[in-house]
Structure formats: structure tokens, C-alpha cells
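# Sequence plus the predicted model coming up.
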Amino acid sequence: RKEENNLETALLIDPINEEALLMSMKVALKKSNYSKVKTLSKTFVKVCEKLCNENDEILKSLKSIEPENES
């Protein structure tokens, strides 16, 4: 939970922090918080510069594990 709080703080300070967004998506994915992953992903694709391909990998993972009724 401490890691998650730190990420939230980082995003409050810098809402377009590419690394913090990516890490937050990975945490949300681990917690099966699919809607949060999708929301963060929408922001991430608008601001990413170096890690853009990471978003595709996360979305592929999400698609393979997300229950169909939550799409």
C-alpha cells in the first residue's frame, strides 16, 4: 500500500509522469482494478515519450485476463 500511496503522490505532483503512470497501471492490473488501468492508460498514451510500447503490453495483459462482462 505504501508503494501505491507514493505513486498517487507522484501523480498529484506531476500528473503526466510517465513512469508513475506506468507503475500505477501495473499495480492496478495486479489488483484486478481494470477500470483504473483503462483510465490511466488513456492518460498514458497522451503523455508517453519513452515507454509508449509498455502501454500496449499492459493492454494485452488486461485483455487476456479481464472478464468479458467488465469490458
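Done, it's in. Residues are numbered from 1 along each chain as shown.
# Dump the one helix or strand Ile58 maps to to PDB, keeping only the CA atoms.
The secondary structure element spanning Ile58 is helix 52-65 (assigned by DSSP states H and E). Only the C-alpha atoms of helix 52-65 are listed here, as PDB (Å, rounded to 0.1, in the frame of the first residue of the first chain):
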ATOM      1  CA  CYS A  52       4.900   4.000 -25.100                       C
ATOM      2  CA  ASN A  53       5.300   0.400 -26.000                       C
ATOM      3  CA  GLU A  54       4.800  -0.600 -22.400                       C
ATOM      4  CA  ASN A  55       1.100   0.500 -22.600                       C
ATOM      5  CA  ASP A  56       0.500  -2.000 -25.400                       C
ATOM      6  CA  GLU A  57       1.900  -4.800 -23.300                       C
ATOM      7  CA  ILE A  58      -0.300  -3.800 -20.300                       C
ATOM      8  CA  LEU A  59      -3.400  -3.600 -22.500                       C
ATOM      9  CA  LYS A  60      -2.700  -7.000 -24.000                       C
ATOM     10  CA  SER A  61      -2.400  -8.400 -20.500                       C
ATOM     11  CA  LEU A  62      -5.600  -6.700 -19.500                       C
ATOM     12  CA  LYS A  63      -7.500  -8.100 -22.500                       C
ATOM     13  CA  SER A  64      -6.300 -11.600 -21.700                       C
ATOM     14  CA  ILE A  65      -7.400 -11.600 -18.100                       C
END
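# starting at the chain centroid, how far to it?
10 Å (C-alpha atoms, centre = their mean, to the nearest Å).
# residues contacting the spatially most central residue of the chain?
By C-alpha atoms, centre = their mean, the mean C-alpha position of the chain lies nearest to Met25, the distance being 2.0 Å. Met25 makes contact with Lys36, Val37, Leu40, Ser41, Phe44, Asn55, Ile58 under the criterion C-beta atoms under 8 Å, 6 or more residues apart in numbering. C-beta coordinates here come from the backbone N, C-alpha and C atoms, glycine included.
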